[in-house]
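> need a 3D model of the following:
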Amino acid sequence: MRVIGIDPGLRNLGWGVIDADGVRLRHVANGVCHSDPTGTLAARLLDLHQQLTRVMACYAPAAAAVEQTFVNKDAVATLKLGSARGIALLVPAQAGLDVGEYAPNAVKKAVVGVGKAAKEQVAHMVRMQLPGVQIEGPDAADALAIAICHAFHAQSTRAMQLAERVQ
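Residues are numbered from 1 along each chain as shown. From the prediction side, this is the model:
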């Protein structure tokens, strides 16, 4: 199963694509979609939409996952991040994919084993689970972690469904 993980951001929207075959994971690609911070919000969202749509068309994932955002003290920044998150949810949905959503601590727990892990720990464990990967930056590392988290959850769900059929 090919999975795309998306780390929403208005300036830098990270993405990472992996292939999951049971417990085996393989890196396919990763990167960051950038928007011009001097542009209008509408122009920036359109730019992110177009870039992410090209990524989806190029790698044709079968599943998608997006990190949930947290509310911070700056309401305006939270609203802008929410708009970027809307793009991260919309593009895979337009491609006909169901989109998994995971809290940041759930992603960290799945990849590192600790829900309060630092960004450096997450990137390190992504490199351990995807040997030879060249990560295009912290946002791409987070996106790959989101994809790994989704692959693990999908595998667990399939195992549970199989177990229920046996009973």
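> residue 63: what's it in contact with?
Applying CB atoms under 8 Å, 6 or more residues apart in numbering to residue 63 gives the contacts 1-4, 97-98, 100, 150, 154. (Glycine included, C-beta is placed from N, CA and C.)
> which of those are buried?
Among those, those scoring as buried are 2-4, 97, 100, 150, 154 (criterion: 16 or more other CB atoms under 10 Å).
> ok, now which ones touch the residue nearest to residue 121 when sequence neighbours are not counted?
In space, and not counting its chain neighbours, residue 121 is closest to residue 112: 5.2 Å by CB to CB, 6 or more residues apart in numbering. Counting by CB under 8 Å, 6+ apart, residue 112 touches 121-122, 125.
> tell me how far residue 112 lies from residue 33.
With distances taken as CB to CB, to the nearest Å, residue 112 is found 25 Å from residue 33.
> list the buried ones in the helix or strand residue 122 falls within?
Taking DSSP states H and E as the definition, residue 122 sits inside helix 119-129. For helix 119-129, a neighbour-count test (16+ other CB under 10 Å) marks 122-123, 125-127, 129 as buried.
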